[in-house]
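1. Sharing a sequence plus its predicted fold:
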Amino acid sequence: MHFKIATFNVNSIRSRTHIVIPWLKENKPDVLCMQETKVDDRKFPENEFHRISYHVVFSGNKGRNGVAIASVEEPEDVVFGLDSEPEDRDRLIKASFSGITVINTYIPQGYKIDNPRYEYKLEWFRRLKKFFEKNVSRKSYAIWCGDLNVAPEDIDVHNPKNLKNHVCFHEKTRNAFTEVKSNLFVDVFRKHHPEAEQYTFFDYRVKDAVKRKLGWRVDHILATPPLAEKSTDCYIDLKPRLKDKPSDHTVVVAEFEI
């Protein structure tokens, strides 16, 4: 079985349907995980997905957060949020597709190191670890993906020295990510691309950021070891970031032969 999954922080799904829908039609992934949909569930543009024969499940709020999964196959065992906490419904979706568990997350950004929102981010990682311990076996087929708001290594940011105190690159953030990942997940992208200057996020405020390669790799696809072994490719598609009125993130794709 060939299985193709992608992740994309859309930064408002209603503002990005002109990118997402054509991308789905052209690339035809089995699953697309989306973050920062920024729309109340009543106004999610689900008909746009149905028109191209994709199922879609989602949870979000107006103007912030929000997660969604579009899929060719109807998802099974859909769960929203961590530990059944209502406040987390717009940050995590777990669903199953042909025996593969997919966990789509939008990790809190953290704002600033000395702000309570940063401690909330670190605590969210700790809670996520417990969620995985309860719901994911190392021997199973599972994927953890999304905007994880962490650049794990020096090569994942364009200027590690200057960015060491940023909430997405700070030592505590990276340690928290490593603790969650531990022996449970493999970074599928790094399995295929160990080289530097591979980025998924380019700040709107930085002039010509993509061209100048001033980016971050904060969007990830990770898999449990048995599934990671079956990955045939994982790559960053920069084309969506170069479209008219783009998200500040772009798409990451992983493919598996199972």
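-> Done, it's in.
2. which residues in the chain form strands?
-> 2-9, 31-35, 55-61, 64-71, 76-80, 92-97, 100-106, 142-147, 186-187, 219-223, 231-237, 251-257 (DSSP state E).
3. So which of these is the most surrounded?
-> Across the strands of the chain, averaging neighbours per residue (mean count of other C-beta atoms under 10 Å) puts strand 31-35 on top, at a mean of 28. C-beta: built from backbone N, CA, C; applies to glycine.
4. avg pLDDT for that strand?
-> Across strand 31-35, the average pLDDT comes to 99.
5. what packs against that strand?
-> Contact partners of strand 31-35 among helices and strands, from 3 or more C-beta pairs under 8 Å, 6 or more residues apart in numbering; DSSP states H and E: strand 2-9, helix 13-27, strand 64-71, strand 100-106, strand 142-147.
6. Just the buried residues of the longest one, please?
-> Which is helix 13-27. Ile13, Arg16, Ile19, Val20, Ile21, Trp23, Leu24 (16 or more other C-beta atoms under 10 Å).
7. what sits against the second one?
-> The one in question is Arg16. Residues near Arg16 by C-beta atoms under 8 Å, 6 or more residues apart in numbering: Val10, Lys245, Pro246, Ser247.
8. so what pLDDT did it get?
-> 98.
9. hmm, back to that, out of the contacts of Arg16, the closest to Ser71 would be?
-> For the contacts of Arg16, the residue nearest Ser71 by C-beta to C-beta is Val10; the value is 15.8 Å.
10. doesn't Thr37 make contact with the closest one?
-> Yes: using C-beta atoms under 8 Å, Val10 is in contact with Thr37, at 6.3 Å.
11. Tell me which two of the contacts of Arg16 sit farthest apart.
-> Val10 and Lys245, at 11.5 Å, using C-beta to C-beta across those.
12. Tell me which of these two has more neighbours.
-> It is Val10, of Val10 and Lys245, that has more neighbours when counted by other C-beta atoms under 10 Å, with 26 against 8.
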